[in-house]
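**Student:** what's the 3D shape of this:
(chains A, B and C)
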Amino acid sequence: MERLGRDFFARDTLAVARELLGQRLVRVLEGKRLSGRIVEVEAYVGEEDQACHARSGRTERNASMYGLPGCAYVYFIYGMHHCLNVVTEQEGFPAAVLVRALEPLEGIDVMRARRGGRTEVELVSGPARLCQALAIDRQFDGADLCESDADLFIEQEEGVPGGAVVTGPRVGVRGDDAALAALWRFCVRDSRYVSRR
DNA sequence: GGATCGATCGGCT
DNA sequence: GCCGATCGATCCG
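**Tutor:** Have a look, this model is predicted:
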C-alpha cells in the first residue's frame, strides 16, 4: 500500500484536513499493524488562529508544529491524555491537522486490550482514545511519518467524496473571531465512529 | 512563584 | 449533564 508522502502534507492545511478523511492511519507496534480509517479531523492554522497552540509563538511544547510537514505533533493535556496532529504547510509555518477519530480496521484485539475491553466504537473515537489504543505518546512528537522505516504513517486509500463530508466548528472552540468561528472540523457523514455527533 | 485552565475521558447522578 | 483526575504551559503580580 502506498504511503502519503511529504508533498501531500506540504499544502494548505484545510485541503490536507479534508483529504485526510478516508485515509488509513497505521501504527506498527511490536511488529503488528494497528490501523484505522480517519473519519474526523480538525485544522489548526498559524499564530493568528487563536485556538492553535502556536497562538503565543513558538515554545518547546509546540516546536514540532513549526517543523517539517508530514511529521507528528503530539501533545500532552489534562494531565493524562495525548493527542496526535500531523504537521502541514511549509517548514517554519505552524499548522497541523488534529486526528480526532478513526474507524478501527486492523489490530482491534490489541486496541481493545489497551483500552480496557471497550466496545468497538469507544476504541478510537476521540483524539486521546486513539492515542491510547495505538500507543502514541510524546515519543512520537516530531516523528517523521514519511520516513520509510517509520512505525507511524498514513496509507493512501480512496478518499471521501465531497457530499459525504460534514464540516462544523472545532470542538471546544468558540468565539466571534473569524478563525474561531471557522468550520475547520471535518467529519465523514454518517460514520458511527465520529467522536461527537 | 503561584494561579489558572486546557484541541479529554470516564464514571456517577 | 456534571465532575474529578492530574500535568505543564502561560499569564499575572
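
**Student:** From now on I want contacts and neighbour counts done on CA atoms only, so please keep to that.
**Tutor:** OK.

**Student:** Next, the contact list for residue A:175, please.
**Tutor:** With contact set as Cα atoms under 8 Å, 6 or more residues apart in numbering, residue A:175 has these partners: residue A:181.

**Student:** before we move on, what SS does the spatially most central residue of chain A have?
**Tutor:** By Cα atoms, centre = their mean, the mean C-alpha position of chain A lies nearest to residue A:99, the distance being 2.0 Å. Three-state call for residue A:99 (DSSP: H, G, I helix; E, B strand; the rest coil): strand.

**Student:** What is the burial count for the closest residue to DNA strand C within chain A?
**Tutor:** In chain A, the residue that lies nearest DNA strand C is residue A:79 (3.1 Å; Cα to the nearest atom of the strand). Applying other Cα atoms under 10 Å, we find 6 residues neighbouring residue A:79.

**Student:** The closest residue to residue A:127 other than its chain neighbours: neighbouring residues, count only.
**Tutor:** With sequence-adjacent residues excluded and distances taken as Cα to Cα, 6 or more residues apart in numbering, residue A:127 is closest to residue A:100, at 4.2 Å. Look at residue A:100: counted by other Cα under 10 Å, it has 29 neighbours.

**Student:** Residue A:100 and residue A:53, how far apart?
**Tutor:** 16 Å (Cα to Cα, to the nearest Å).

**Student:** Check residue A:76 too.
**Tutor:** Separation of residue A:76 from residue A:53 (Cα to Cα): 12 Å.

**Student:** out of the two, which sits in the busier spot?
**Tutor:** Neighbour count, other Cα under 10 Å: between residue A:76 and residue A:53, residue A:53 has more, with 22 against 15.

**Student:** part of a helix, is the residue of chain A closest to DNA strand C?
**Tutor:** No - according to three-state DSSP, residue A:79 belongs to no helix; its state is coil.

**Student:** Show me what residue of chain A gets nearest to DNA strand B.
**Tutor:** Ranked by Cα to the nearest atom of the strand, the top residue of chain A for proximity to DNA strand B is residue A:126, at 3.1 Å.

**Student:** Now do that residue: how many residues are near it, please.
**Tutor:** For residue A:126, the count of nearby residues is 21 (other Cα under 10 Å).
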